[in-house]
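In: Quick one: sequence plus predicted model below, questions after.
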Amino acid sequence: MKISEFSLNNLAKAVCGDLQYTPYLKGFELVIFFNRYGFNDTYESGFPSRWKYTEDCLRKLNGTDTIRQIIEEIVDPRKYHGLEQSVENAVEKINEFLKYDKYEIRKYGDYYKVTDMQGIIVQPEATIEINHQFINEQIVKCNKKIGETDFNGAITNARTLIETIFIEIIERHNGHEIKNDGNVDNQWKQVKKIMKLEIDSTTLPEPIIQILSGIDTAVKGLAGLSNSAADRHANKFKTRKHHAKLAVNLAMTITEFLVESWEYQNK
């Protein structure tokens with residue numbers, strides 16, 4: 001689901017609660033809110049303004065099904081229990097700008113859903129294919145950002161690529177959609193178990209064990225690099241081209257290995 005810049009600006013104010021028709025969220029509460037949608041931020045000194053942080057997060061998510069999920073969460077009737085604001089008024093206000101993007105919030109049972117103007121509920125997009133073409137497309141985007149000297153953006157894309165493949169494998173195994181909690185290390189642990197990649201000295205030769213151990217370290221390092229340097233965080237050091245290339249190449253190697261393993265195991 002993609003909305004216009006006009007709607008995105010207004011949605012940011014609704015998420016923050018700055019216009020008083022939705023619950024007000026403090027800075028640390030906004031961090032908790034977006035971390036549940038895949039971010040891994042910390043609330044610390046030098047943190048941007050609430051509204052700017054919210055708008056930046058929404059802009060990164062625009063064009064994904066997460067935008068729909070966020071809209072439906074901020075009009076969840078349970079959030080308005082005991083408050084002066086009413087969910088009905090919030091829905092009315094949000095619909096005032098969503099209509100320009102041909103969307104509308106409508107009530108279904110006890111809750112509200114995002115629909116098109118004909119009342120058809122907006123559904124999540126089809127899941128991605130776990131294949132080499134998808135990986136190559138993402139690596140091209142990463143390298144394009146490196147070429148534009150957007151090293152932080154390339155690191156963010158590299159982490160997103162790994163998260164996407166991890167989550168897709170977990171969802172296919174579990175048979176249902178999961179919420180991205182942004183914990184890449186935990187996702188990797190689940191993937192290892194699903195794909196039988198856990199280190200077992202009784203069945204694997206020592207060189208393979210060493211390589212798998214290296215992936216453990218690489219995943220943690222990539223997550224840490226993203227936290228410190230990626231463009232959704234206040235930079236703690238100046239990111240260089242070689243840092244970005246390292247992150248991108250690691251992401252490509254790990255995801256290509258997983259795709260090859262997935263194809264092999266499913267044969």
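Out: It's in.
In: average pLDDT for the longest helix belonging to the chain?
Out: When the chain is parsed with DSSP state H, its longest helix is helix 241-266. The pLDDT scores in helix 241-266 average 89.
In: what does stretch 156-171 give?
Out: Here the average pLDDT along stretch 156-171 is 88.
In: If you count neighbours, what's buried in it?
Out: Of all the residues in stretch 156-171, those buried under the rule 16 or more other Cβ atoms under 10 Å are 156-170. (Glycine included, C-beta is placed from N, CA and C.)
In: what does stretch 8-28 give?
Out: Using 16+ other Cβ under 10 Å as the burial criterion, the residues of stretch 8-28 that qualify are 8, 10-17, 21-23, 25.
In: what pLDDT, on average, does that stretch get?
Out: 92.
In: Ends of that stretch, what's the gap?
Out: 21 Å (Cα to Cα, to the nearest Å).
In: how far does that stretch sit from the chain's center?
Out: Centroid separation between stretch 8-28 and its chain, computed with Cα atoms, centre = their mean, to the nearest Å, is 20 Å.
In: what do you get for stretch 260-267?
Out: Counting by Cα atoms, centre = their mean, stretch 260-267 comes out at 26 Å from the chain centroid.
In: same check, this time on stretch 244-255
Out: Centre to centre, stretch against its chain (Cα atoms, centre = their mean), the figure for stretch 244-255 is 18 Å.
In: what does it rub up against?
Out: 135, 138-139, 142-143, 145-146, 151-152, 154-155, 157-159, 161-162, 165, 215, 218-219, 221-222, 225-226 (Cβ atoms under 8 Å, 6 or more residues apart in numbering).
In: Where helices are concerned, which of the buried residues of stretch 8-28 count?
Out: 8, 10-16.
In: where does the stretch 1-150 of the chain have low pLDDT?
Out: 123-130 (pLDDT under 70).
In: residue ranges for the strands of it, please.
Out: Taking DSSP state E, counting those that start in this stretch as the test, the strands found in the stretch 1-150 of the chain are 103-108, 111-116.
In: can you put these in a markdown table and add distance to D181 and mean neighbour count?
Out: Shown next, in a markdown table, are those (distance: least, Cβ to Cβ, whole Å; neighbours: other Cβ atoms under 10 Å):
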| stretch | distance to D181 | mean neighbour count |
| --- | --- | --- |
| strand 103-108 | 26 | 16 |
| strand 111-116 | 22 | 17 |
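In: Ok, which of those strands comes nearest R36?
Out: strand 111-116 (17.8 Å; Cβ to Cβ).
In: Phi, psi for D150 please.
Out: Backbone torsions for D150, taken as degrees, to the nearest 10, come to phi -90, psi 70.
In: same thing with the one 3 residues further on?
Out: Taking degrees, to the nearest 10, you get phi -60, psi -40 for the backbone angles of G153.
In: Report the central residue of this structure.
Out: G38 (3.6 Å; Cα atoms, centre = their mean).
In: Give me the three-state assignment for the residue nearest to that one when sequence neighbours are not counted.
Out: Of all residues not flanking G38 in the chain, N180 sits nearest, at 3.9 Å (Cβ to Cβ, 6 or more residues apart in numbering). Under DSSP: H, G, I helix; E, B strand; the rest coil, the three-state class of N180 is coil.
In: burial measure for N180, as a count.
Out: 20 (other Cβ atoms under 10 Å).
In: Tell me the pLDDT of it.
Out: 72.
In: what's near enough to touch it?
Out: Contacts of N180 by Cβ under 8 Å, 6+ apart are 37-38, 163, 167.
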